[in-house]
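Q: here you go, sequence then predicted model.
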Number of protein chains: 2
Amino acid sequence: MARARISDVAAAAGVSVTTVSLVMNDVESRISEETRQRVREAARAVGYAPSSVARGLRTQRTRTVGLISDQIATTPFAGRMLAGAQDAARDAGHLVYLLDTGGDAAIEREAIDALTAQQVDAMIYACMWHRVVDVPQGVLPKTVLLDCRPVNGGYRSVVPDDRAGGAAAVRELVAAGHRRIAYLDTDDPGPIASRLRHEGYLEALAEAGIPADPALHITGETSAHGGRAAAEALLDLPDDERPTGIFCFNDRMAAGVYIAAHRRGLDIPRDLSVVGYDDQQLIAAEQDPPLTTVALPHYAMGRWAMEVALGVRAEGDEDATHLMECPVIRRDSVGPPPAQVAKPNRRRASHTERPPRAAPDR
Amino acid sequence: MARARISDVAAAAGVSVTTVSLVMNDVESRISEETRQRVREAARAVGYAPSSVARGLRTQRTRTVGLISDQIATTPFAGRMLAGAQDAARDAGHLVYLLDTGGDAAIEREAIDALTAQQVDAMIYACMWHRVVDVPQGVLPKTVLLDCRPVNGGYRSVVPDDRAGGAAAVRELVAAGHRRIAYLDTDDPGPIASRLRHEGYLEALAEAGIPADPALHITGETSAHGGRAAAEALLDLPDDERPTGIFCFNDRMAAGVYIAAHRRGLDIPRDLSVVGYDDQQLIAAEQDPPLTTVALPHYAMGRWAMEVALGVRAEGDEDATHLMECPVIRRDSVGPPPAQVAKPNRRRASHTERPPRAAPDR
DNA sequence: TCGGTGATGCAAATCGATTTGCATCACGAC
DNA sequence: GTCGTGATGCAAATCGATTTGCATCACCGA
């Protein structure tokens, strides 16, 4: 059977469509309670549900949001961000259009045009990893950027606080007593996160009074394979230069460190501590032992972006980047550094086998 | 500035809105070429783009599709399925609403109602892993099921051919010369894929004339940890009962087999061959050596579902389950079984160190 | 009796497109 | 001259809601 229209309800209740509309939308008591009951009953009886399309045309508000993203498809990250955005949209009574452009500019154009034609109330422009983007023409002026920042400002955006996250990761190692801490970085110059996490690394080192050793900043291909190769180089260092803790750009590379360590009979965390980044479920939690890492707050970012886009969350500044905290997820890959013979020529030698867990000197 | 309406174009071109509509929709030559030009020019000049909302109201076709899924968020699988559905929708000029219900029935209801109110042209009901579902009331009659089959029929659906996939995986081992092949299964009775892959395992064994040994069908928790524990039990078997090849329910469990093997100094594939399932990028490709596995055809399934839902692909049967082939992805975890001393009491002893890669006896 | 005042409900305009007749015109045939 | 016919374009109805302004009625006070 065809959908019930508002006029069907009106006929069934013996009132005008105006009355039905007023009742269904709970407009302030212009209608007597008795009539309201009758209308509601009739609506139920004919199975009436208002057409969002007709309403959208009349009110010029569609209660829909467009989420344009570059690569939902290929990264396991996407999910949590979508989930956050999605949940926030549902809470606000909105539906979301998902448009994955694959990073193709032509498709992006097309997507924006389609969303404009659909008269979405808001748009979110999402990236699958933290980067700087040139927001394409045609998006709604109040578009919110998710996991990316605009090259020229002009948009509100939310990104992970990679600097603080990097610092937190390193502090985790410092607190366990490590002083020779390596940063196993990606060799890909693309990710802005790489630089930020490095800054955090240096910051945490500095606040612990540990001089940064450039030899301990090493790069490799962004994969388990690359991580393994880089770790190998690190572990080949002479005893007193070899790091006791490694902070990795991401969990995949950390998985490579595990392989390198196990290949040479090193136990994690007894002989080597490692901290990852990203908290990729399928990697971090499944390592043996489970990997201590820093989580990307994807769900929270997705939520934030949607709330701001829909005006649920009032953000004072129209043109500011919101930094979202990256919590460290403590698992079992960090322990105290292995005891070792004090070297007379080291600036500070570690004599405690089990140093206090609190941050040392500072 | 406000959106340009069709009447603005009409005014600018000095014609009626009818004419503009006719021209914009390329209706058969009722309008002279000269007028067409004028209209097109005017449309461009005022920056006209038709309102999908108004058109949807008038035509009662919105060119939108609702994709309801249980858990887009938590699984890295989702992406490819979404991408496939998405691409097919774009090709057909449709937009997709993504609704993740988290498996919650109340939210599912809400989602269906919202989509109905939006008057979507089609619906897809997707699951994140192959299972049997009770499709909720209220979905469009022609809804297509993606990665799940309806408990009572009545819907078109597409699922991976797990049986054939399981057989293909085992044939891979048989072809390499293995005859003691274990199936490391999940202990979770939920996934229908578990049973189907087991059937495929038995089928491939049978066609190779290898008697199935129940001791080689072992189960474990669905994780690297569980896979490792189960593999340990398998590797503890006496030499002549120990499997030389292990087919795992999924890549995560296969990763556990790697750990168990490496822990006891076994080299893959020299001492042990392993085949996974799922082809999870972050796991399979990143193992050392890279894991040979069977891929779930997520992209193709997503595409299929969308094409059928939109009527782009004509599927004869209104009520049938389409099986999608799972291709095996050859990497480096399968080799010939290790040479071993012939046991006088074995039914067949392997004497060839490097058996031919073609399927043996049958 | 008449006008004023709430309370209640309705007719009609509107949102921006599509689509169905119908009107107009030029031209040629009779 | 008039009629038919093809070519071209338009007026108006329609989709299903929201919303403004007006109508009606009951009741009350002067």
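A: It's in.

Q: return the residues of chain A in contact with DNA strand D.
A: Neighbours of DNA strand D within chain A, by Cβ under 7 Å from any atom of the strand: A:2-3, A:5-7, A:17-18, A:21-22, A:24-25, A:48-51, A:54-55, A:57-59. For glycine as for every other residue, the C-beta is placed from the backbone atoms N, C-alpha and C.

Q: in helices, which of the residues you listed appear?
A: A:6-7, A:17-18, A:21-22, A:24, A:54-55, A:57-59 (DSSP state H).

Q: picking up where we left off before, just the buried members of the residues of chain A next to DNA strand D?
A: A:5-6, A:21-22, A:24, A:48, A:50-51, A:54-55, A:57 (16 or more other Cβ atoms under 10 Å in any protein chain shown).

Q: which one of those is nearest to DNA strand C?
A: Checking these against DNA strand C by Cβ to the nearest atom of the strand gives A:L57 as the nearest, at 4.1 Å.

Q: make sure the closest one is actually in contact with B:V53.
A: Yes. Taking contacts as Cβ atoms under 8 Å, A:L57 lies within contact range of B:V53: 4.9 Å.

Q: find the residues that touch each one of these two.
A: Counting by Cβ atoms under 8 Å, 6 or more residues apart in numbering or on different chains, A:L57 and B:V53 have no contacts in common.

Q: so does the one helix or strand A:R80 maps to get close to chain B?
A: Using DSSP states H and E, A:R80 sits in helix A:78-91. Yes. Legend: contact between helix A:78-91 and chain B by Cβ under 8 Å from any Cβ of the partner chain is shown at A:78-80, A:82-83, A:86, A:90.

Q: just checking, next helix/strand downstream of that helix?
A: strand A:95-100.

Q: after that next one, next one along is what?
A: helix A:105-117.

Q: which positions in whatever helix or strand comes next after that next one come out as buried?
A: Moving toward the C-terminus from helix A:105-117, the first helix or strand encountered (DSSP H and E) is strand A:122-133. The neighbour-count check on strand A:122-133 (16+ other Cβ under 10 Å) flags A:122-131, A:133 as buried.

Q: which one of these is nearest chain B?
A: Chain B has its nearest neighbour among these in A:M128, at 9.8 Å by Cβ to the nearest Cβ.

Q: distance of the closest one from A:T75?
A: 5 Å (Cβ to Cβ, to the nearest Å).

Q: the residues of helix A:78-91 next to chain B: which ones sit near DNA strand C?
A: Of the residues of helix A:78-91 next to chain B, not one also sits near DNA strand C (Cβ under 7 Å from any atom of the strand).

Q: dump these to JSON lines, plus pLDDT, distance to B:P269 and neighbour count.
A: Below are those laid out as JSON lines (pLDDT from 0 to 100; distance: Cβ to Cβ, whole Å; neighbours: other Cβ atoms under 10 Å in any protein chain shown):
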{"residue": "A:A78", "pLDDT": "76", "distance to B:P269": "33", "neighbour count": "27"}
{"residue": "A:G79", "pLDDT": "84", "distance to B:P269": "33", "neighbour count": "26"}
{"residue": "A:R80", "pLDDT": "89", "distance to B:P269": "35", "neighbour count": "23"}
{"residue": "A:L82", "pLDDT": "91", "distance to B:P269": "38", "neighbour count": "27"}
{"residue": "A:A83", "pLDDT": "91", "distance to B:P269": "39", "neighbour count": "20"}
{"residue": "A:Q86", "pLDDT": "94", "distance to B:P269": "43", "neighbour count": "26"}
{"residue": "A:R90", "pLDDT": "96", "distance to B:P269": "48", "neighbour count": "19"}
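
Q: wait, which of those is closest to chain B?
A: Distances from chain B to those, taken by Cβ to the nearest Cβ, are shortest for A:A83, at 3.5 Å.

Q: beta-bridge partners for the residue of the stretch 151-300 of chain A at minimum distance from DNA strand D, please?
A: The stretch 151-300 of chain A approaches DNA strand D most closely through A:R156 (27.5 Å), counting by Cβ to the nearest atom of the strand. A:R156 has the following beta-bridge partners by DSSP bridges: A:V144.

Q: give the contact list for it.
A: Residues in contact with A:R156 (Cβ under 8 Å, 6+ apart) are A:142, A:144-145, A:308, A:315, A:317-322.

Q: any figure for the gap between it and DNA strand C?
A: Taking Cβ to the nearest atom of the strand, to the nearest Å as the measure, A:R156 falls 27 Å from DNA strand C.

Q: repeat that for A:Y201.
A: 54 Å.

Q: excluding covalently adjacent residues, which one is nearest to that residue?
A: A:Y183 (4.6 Å; Cβ to Cβ, 6 or more residues apart in numbering or on different chains).

Q: what does the strand or helix carrying the one you found contact?
A: Assigned by DSSP H and E, A:Y183 belongs to strand A:181-186. Residues from elsewhere that reach strand A:181-186 (Cβ under 8 Å, 6+ apart): A:170, A:173-174, A:194, A:197-198, A:201, A:205, A:210, A:216-222, A:226-227, A:230-231, A:234, A:243-250, A:253-254, A:257.

Q: ok, of those, which come out buried?
A: Here, 16+ other Cβ under 10 Å leaves A:170, A:173-174, A:194, A:197-198, A:201, A:205, A:210, A:216, A:218-222, A:226-227, A:230-231, A:234, A:243-250, A:253-254, A:257 buried among the contacts of strand A:181-186.

Q: returning to what we had before: identify, from the contacts of A:R156, the entry nearest to B:D278.
A: A:L145 (33.0 Å; Cβ to Cβ).

Q: look up how far DNA strand D lies from the closest one.
A: To DNA strand D, A:L145 is 31 Å away according to Cβ to the nearest atom of the strand.

Q: swap in A:D121?
A: 14 Å.

Q: check what pLDDT that residue gets.
A: A:D121 carries a pLDDT value of 97.

Q: quick one, helices of chain A?
A: A:6-13, A:17-24, A:33-46, A:52-59, A:78-91, A:105-117, A:162-175, A:192-207, A:224-235, A:251-263, A:281-284, A:298-309.

Q: between those, which one is nearest to B:I31?
A: That would be helix A:105-117 among the helices of chain A, by Cβ to Cβ, at 22.9 Å.

Q: what's the angle between that closest one and strand B:95-100?
A: Put simply, helix A:105-117 runs at 80 degrees to strand B:95-100, going by axes from the mean of the first three to the mean of the last three Cα atoms, to 10 degrees.

Q: is helix A:105-117 in proximity to chain B?
A: Yes. Helix A:105-117 comes into contact with chain B (Cβ under 8 Å from any Cβ), by way of A:107, A:110, A:113-117.

Q: so for that helix, what gets flagged as buried?
A: A:107-108, A:111-112, A:114-117.

Q: can you list the residues that contact the helix or strand bottoming out on mean pLDDT in chain A?
A: In chain A, the helix or strand scored least confidently by mean pLDDT, DSSP states H and E is helix A:281-284, which has a mean of 89. Helix A:281-284 has contacts (Cβ under 8 Å, 6+ apart) with A:76, A:251-252, A:254-255, A:276, A:278, A:290-291, A:293, A:329, A:331, B:74, B:76, B:252, B:280, B:282-283.

Q: whichever of the residues you listed end up buried, select them in PyMOL.
A: Under the burial definition 16+ other Cβ under 10 Å, those of the contacts of helix A:281-284 that qualify are selected in PyMOL by:
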select buried, (chain A and resi 76+251+252+254+255+276+278+290+291+293+329+331) or (chain B and resi 74+76+252+280+282+283)
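
Q: pLDDT below threshold where in chain A?
A: Chain A contains residues with pLDDT under 70 at A:1-2, A:28-29, A:73-74, A:316, A:340-362.

Q: for the residue nearest to A:A92 when sequence neighbours are not counted, give me its contacts.
A: Distances taken as Cβ to Cβ, 6+ apart put A:L310 closest to A:A92, at 4.8 Å, once the chain neighbours are dropped. Neighbouring residues of A:L310 by Cβ under 8 Å, 6+ apart: A:65, A:88-89, A:92, A:94, A:121-122.
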